[in-house]
Each structure stands twice: as structure tokens, then as C-alpha cells.
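Engineer: can't give you the sequence, but here's the structure:
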């Protein structure tokens, strides 16, 4: 159900951003010659659908949802590029021809590279001269930055809209480190107590029991542990939630939320 919702919402936001991006020429809009604000806006907008699905189903930013978000952002960007190409018209003398009659998509991409190089060069001081043989690579880098910017903005949007913590020291979002659902509620409580009492080694041993208590289809109630961790400083945020199945619907009730500093996070969540 969650995956289906994510697919539906991702498809919807992808189409919306593709239309908006084409109408306002977002794909190749840069600030100061090289910051791909337009491509980033397309990627972030396309990721909104995945974030909505995550929020509605009380789940988290697992790998499959992030991959779906990246695909949505990249697809929206490519649709804008192709649509711009199809709609482009070129004047030759007194006549106007569709770009599709005068160039293929590869030549159109080369045109984007050339225009990107000129835009990047225009943002430099006048006394800076870029050799002609380097201009091609400047344009290629600028176009590559658009692709990367689309994907980076997609990941940022998913993290921001789903409430993933941000590490201000290292200037990056936390990553999903653990997402464990367990029918062994006693072990979950023991693990939580061990963490609060600063017994990290014992907590790691108890976590193995928690993971062993797999949730079965007939289970009506179980617990979920969700841990996000900074990949650099290893500080973490941990949530413990109760999950209940009733009438074919799973409800989620928050039980506890706490933060782990760098030292405790590195030991408790070590794999």
C-alpha cells in the first residue's frame, strides 16, 4: 500500500514539475553562472510526492523510497529537457523551423553545453579569459552540475519534508541507520532502558534479540525502533513507536524519542 501511494504521488508531482519546469524554463536557470537553482527546484518538487506518501503511511525514508524520489526528480528534469527541445524553434533567414527538423537530441545537448559555457564565462570578471578549447569542458561541467543538483535537491527535500534531523556541525542530514520492527516488546523495553542507563555494550546485545523477534501477519501489536544518525559525528536520534493492526489498518503511536551524543551513538548503533 505504501509503495503504491508513493508511486502515485511521485508520478503526479513528476508531471506537475515537468509542466511547470517547461513553462518557466527552469531546467537551465542558474545563479551566478553555476548554481543550478532551476534543476534543484525541479528535483525538490518531484520528491514531494514521495515525502507525502511517507508521511501519510507513518513510515520513514528507507532506501527504496529515496531511490523512487531520485527517479522522480531525474525523470522530471529529463522531461523538461526533452520538452524544451521539442518546443524549440530556430530562425534560419526569414523562416522559422522546429528544432527537431534541424538537429537531433545529441546536437541539442551540445547546444546546451555551448550556451552553458557562455553563461558561466559571462559570470566571471572581465579580466578572466577562458581559452576556447576549455569552454567545452566548462559547459560540460555546468550541465553535469544540473544533473547532480537535481539529485541532491531530491534527497534534501525528502529529508526536510519527512523530519530527518540536520547536523549543523557537519552541514548534512542524518541518515537512516536502523529501522527495526519487533514483536518482542519486552526486549525493546530492555534495550531502551539500557540506552537510558548508559549501558551501550549491553544495549547492542539486546538489540540482537529485538531483531530476532520478527513480526508475523497474525501479530496485533509490535514495536518499532527508528534511528537516524549523522554519518560523520555519529550523533543520533532514536524513536520508539508502538504499532497496532486493527481492521486491516496499522496505527502508529509514539512511545519515546531521545538523542544520543557522538560517543553513545557510535557504540549503541554500531554494526
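Structural biologist: Sure thing, it's come through. All values reported here derive from a predicted model rather than from experimental measurement.
Engineer: Which stretches in this structure count as helices?
Structural biologist: 2-23, 37-56, 63-87, 99-102, 105-122, 132-161, 185-196, 200-212, 262-268 (DSSP state H).
Engineer: Mind giving me the packing neighbours of the third one?
Structural biologist: Just to be clear, that refers to helix 63-87. On a contact count with 3 or more C-beta pairs under 8 Å, 6 or more residues apart in numbering; DSSP states H and E, helix 63-87 meets helix 2-23, helix 37-56, helix 99-102, helix 105-122, helix 132-161. No exception for glycine: its C-beta is placed from N, CA and C like everyone else's.
Engineer: Quickly, which of the ones you listed bottoms out on average pLDDT?
Structural biologist: If the helices and strands packed on helix 63-87 are sorted by mean pLDDT, helix 99-102 sits at the bottom with a mean of 68.
Engineer: Quick one: the helices and strands packed on helix 63-87 as JSON lines, columns for mean neighbour count and distance to residue 189 too.
Structural biologist: Listed next are the helices and strands packed on helix 63-87 as JSON lines, based on neighbours: other C-beta atoms under 10 Å; distance: least, C-beta to C-beta, whole Å:
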{"stretch": "helix 2-23", "mean neighbour count": "18", "distance to residue 189": "27"}
{"stretch": "helix 37-56", "mean neighbour count": "24", "distance to residue 189": "27"}
{"stretch": "helix 99-102", "mean neighbour count": "14", "distance to residue 189": "65"}
{"stretch": "helix 105-122", "mean neighbour count": "16", "distance to residue 189": "57"}
{"stretch": "helix 132-161", "mean neighbour count": "18", "distance to residue 189": "29"}
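Engineer: Residue 225 is nearest to which of the ones you listed?
Structural biologist: Nearest of those to residue 225, taken as C-beta to C-beta: helix 37-56 at 17.4 Å.
Engineer: Show me what the closest one packs onto, helices and strands only.
Structural biologist: Using 3+ C-beta pairs under 8 Å, 6+ apart, the elements in contact with helix 37-56 are helix 2-23, helix 63-87, helix 132-161.
Engineer: Out of the helices and strands packed on helix 63-87, which gets nearest to residue 82?
Structural biologist: Here helix 105-122 is closest among the helices and strands packed on helix 63-87 (C-beta to C-beta), at 7.4 Å.
Engineer: Report the angle between the closest one and helix 132-161.
Structural biologist: Here the directions of helix 105-122 and helix 132-161 differ by 90 degrees (axes from the mean of the first three to the mean of the last three C-alpha atoms, to 10 degrees).
Engineer: follow-up on the earlier one: just so I know, which of the helices and strands packed on helix 63-87 lies nearest residue 84?
Structural biologist: Closest approach to residue 84 among the helices and strands packed on helix 63-87 (C-beta to C-beta): helix 2-23, 6.2 Å.
Engineer: Could you list the residues in contact with that closest one?
Structural biologist: Contact with helix 2-23 is made by 26-27, 38, 41-42, 45-50, 52-54, 56-57, 59, 64-65, 68-69, 71-73, 75-77, 79-80, 83-84, 87, as judged by C-beta atoms under 8 Å, 6 or more residues apart in numbering.
Engineer: just to revisit the earlier point, would you reformat the helices of the chain as CSV and include distance to residue 245?
Structural biologist: Formatted as CSV, the helices of the chain follow (distance: least, C-beta to C-beta, whole Å):
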stretch, distance to residue 245
helix 2-23, 14
helix 37-56, 17
helix 63-87, 22
helix 99-102, 54
helix 105-122, 50
helix 132-161, 27
helix 185-196, 14
helix 200-212, 19
helix 262-268, 29
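Engineer: Which one of these lies nearest to residue 237?
Structural biologist: helix 262-268 (9.1 Å).
Engineer: circling back: closest one to residue 181 among the helices and strands packed on helix 63-87?
Structural biologist: Residue 181 lies closest, by C-beta to C-beta, to one member of the helices and strands packed on helix 63-87: helix 2-23, at 13.3 Å.
Engineer: any idea of the angle the closest one forms with helix 63-87?
Structural biologist: Using the same axes, to 10 degrees: helix 2-23 against helix 63-87 is 30 degrees.
Engineer: what's the angle from helix 2-23 to helix 37-56?
Structural biologist: Angle, helix 2-23 to helix 37-56, by the same axes, to 10 degrees: 160 degrees.
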